[in-house]
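>>> Fold the stuff below for me.
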Amino acid sequence: MQRIYLDNAATTALDKEVLDAMLPYMTTHFGNPSSIYSYGRESRLAIESARKMVAKLLNAHPGEIFFTSGGTESNNTAILSAIRDLDCKHIITSPIEHHAVLHTVEHYDCGNEVTSSHVQLHPNGHVDLEDLEKQLASHEERCLVTLMHANNEVGNILDIDSVGHLCKKYNAIFHSDCVQTVGHYPLDLRKTPVHFISGAGHKFHGPKGVGILYINDNVKIKPFIFGGAQERNMRAGTENVYGIVGFSKALDLAMNNFERDSVYIQSLKTYMIQQLRNKIPGVQFNGDQEGKCLYTVLSAAFPKTEKSEMILFNLDINNICVSGGSACSSGADVGSHVIRAINNNPSLVTVRFSFCRHNTREEIDAVIHKLSQLI
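Numbers count the residues shown, from 1 in each chain. Sure thing, here's the model as predicted:
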């Protein structure tokens, strides 16, 4: 059986057009962008052209786009900067953030200078905006609010504008981990009241090891990594030129094809929900799957039996790639902190299916057939 890949929220296949755009910068155009001769100028031009392209696609100013090694570095930079440079003394986050946010917040919450709290969630996993406002109003010191735009395990989408307006009202700094939405969702950063957003190239058919941090023009911060004047003195280290070129090409393709691809991928997700309901007795869905939810992610929960407890292992043996929640903790049987926070039912086993434009209905039929045998 040919391998079926339904774990696109973990990473995606590199697009052929993206690879073609990157190849010259891996071979002939190999100059250091900081060098003043022609080889270096070619690389510098490629980076600045990529920056302009990314800024245009996100409706931001090129000076607000900084290239990083990925979402984790971008999240770390935003959180540290808010504390160190923007005088944030309290951090409000949620229990269902990615560990790149949760572990960073835990690291800086030393209980005296910086404190943190979790916003309450509704039963469907959405952030309780009334509780967020209550928490913002109760703190005299400046707050950082760090909430992800779309959850990587269940796909719930945050009302990013409402959160931004609340942060504005209470003079809070707002950072949003947009790793699951950059490249999957049109963002207009001139209209969205947000100070920082993070993105990662490998989530939308771009290369691994490259991401962005958007820093709103009104925010002035110091570098996170020291040692050179790269990225306008904001991030030391020789730039990942071919990664940056690949990021901008992948984002360009994703946004130009957004309407077509999103409708197609949503149709696959809707079809899989229907088929699971028809063929698998007792199946449930985590989060707000048929409401405000990302079209790429489907979190399903199956009744726990001896068979279903081995479901990920058995799907893998049958060449079907899915995850049990977040791929970033795969291999460690600790269970998902997201599922625990939303649907803490020990008699259910969660599987995350995540789709891309390369998936087909035939693949979904094959997976449903296999699931009905295994469960």
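
>>> I'd assumed residue 22 was in a helix, is it?
Yes. The assignment for residue 22, made by DSSP: H, G, I helix; E, B strand; the rest coil, places it in a helix.

>>> got a list of what it touches?
Taking CB atoms under 8 Å, 6 or more residues apart in numbering as the criterion, residue 22 is in contact with 207, 242, 243, 245, 246, 249. Placement of C-beta: from N, CA and C, glycine included.

>>> burial measure for the third one, as a count.
The one in question is residue 243. Neighbourhood size, residue 243 [other CB atoms under 10 Å]: 24.

>>> what residues are up against it?
Contact criterion CB under 8 Å, 6+ apart gives 22, 67, 201, 207, 209, 210 as the residues in contact with residue 243.

>>> mind redoing it with 7 Å?
Each residue near residue 243 by CB atoms under 7 Å, 6 or more residues apart in numbering is listed here: 201, 207, 209, 210.

>>> again with the first one
Contact partners of residue 207, counting by CB under 7 Å, 6+ apart, are 14, 22, 201, 243, 246, 247.

>>> Show the subsequent helix or strand relative to the helix or strand harbouring the last one.
In other words, residue 247. Taking DSSP states H and E as the criterion, the element that holds residue 247 is helix 241-256. Remark: after helix 241-256, the chain's next helix or strand is helix 258-279, criterion DSSP H and E.

>>> so that next one versus helix 241-256, what angle?
In this structure, helix 258-279 runs at an angle of 80 degrees to helix 241-256, with axes from the mean of the first three to the mean of the last three CA atoms, to 10 degrees as the basis.

>>> what's the spacing between helix 258-279 and its chain's center?
20 Å (CA atoms, centre = their mean, to the nearest Å).

>>> Mind picking the two most distant members of the contacts of residue 243?
Across the contacts of residue 243, no pair lies farther apart than 201 and 209, at 7.9 Å, counting by CB to CB.

>>> For the two, indicate the residue with more neighbours.
With other CB under 10 Å as the criterion, residue 201 and residue 209 differ in neighbour count, and residue 201 comes out ahead with 31 against 16.

>>> three-state assignment of the residue nearest the centre of the chain?
Centroid check for the chain by CA atoms, centre = their mean gives residue 179 as the closest residue, at 2.1 Å. At residue 179, secondary structure determined by three-state DSSP is coil.

>>> just checking, residue 315 touches residue 324?
No. Using CB atoms under 7 Å, residue 315 is not in contact with residue 324; the gap is 10.1 Å.

>>> low-confidence ranges in this structure?
Regions of the chain meeting the criterion pLDDT under 70 cover residues 325-334.

>>> How is it partitioned into domains?
In terms of domains, the chain is parsed into 4-12+258-374, 16-256 (source: automatic domain parsing).

>>> most packed of those domains?
Comparing the domains of the chain by mean neighbour count (mean count of other CB atoms under 10 Å), domain 16-256 ranks first with a mean of 20.

>>> what's the spacing between the nearest residue to residue 124 once chain neighbours are set aside and residue 45?
Of all residues not flanking residue 124 in the chain, residue 288 sits nearest, at 4.5 Å (CB to CB, 6 or more residues apart in numbering). For residue 288, the distance to residue 45 equals 44 Å [CB to CB, to the nearest Å].

>>> got the phi/psi numbers for residue 301?
In terms of degrees, to the nearest 10, the main-chain angles of residue 301 are phi -120, psi 130.

>>> So it is in contact with residue 287, correct?
No. Taking CB under 7 Å as the definition, residue 301 is not a contact partner of residue 287, at 10.3 Å.

>>> circling back to that earlier point, the residue nearest to residue 124 in helix, strand or coil?
Looking at residue 288 with three-state DSSP, the answer is coil.

>>> That one and residue 127 touch, don't they?
No. The pair residue 288 and residue 127 does not pass the contact test of CB under 7 Å, sitting 11.3 Å apart.

>>> Give the next helix or strand downstream of the helix or strand where residue 352 lies.
Assignment of secondary structure by DSSP H and E places residue 352 within strand 348-354. Under the assignment DSSP H and E, the closest C-terminal helix or strand after strand 348-354 is helix 361-374.

>>> chain center to stretch 171-191: distance?
10 Å.

>>> just stretch 135-147 next, same as before
When distances are taken as CA atoms, centre = their mean, stretch 135-147 is centred 23 Å away from the chain's centroid.

>>> now residue 115: how far from residue 170?
With distances defined as CB to CB, the gap from residue 115 to residue 170 amounts to 16 Å.

>>> and the nearest residue to residue 292 once chain neighbours are set aside, what are its bridge partners?
Distances taken as CB to CB, 6+ apart put residue 157 closest to residue 292, at 4.7 Å, once the chain neighbours are dropped. With DSSP bridges applied, residue 157 shows beta-bridge pairing to residue 150.

>>> residue contacts, residue 157?
The contact partners of residue 157, by CB under 7 Å, 6+ apart, come to 149, 150, 292, 293, 294.
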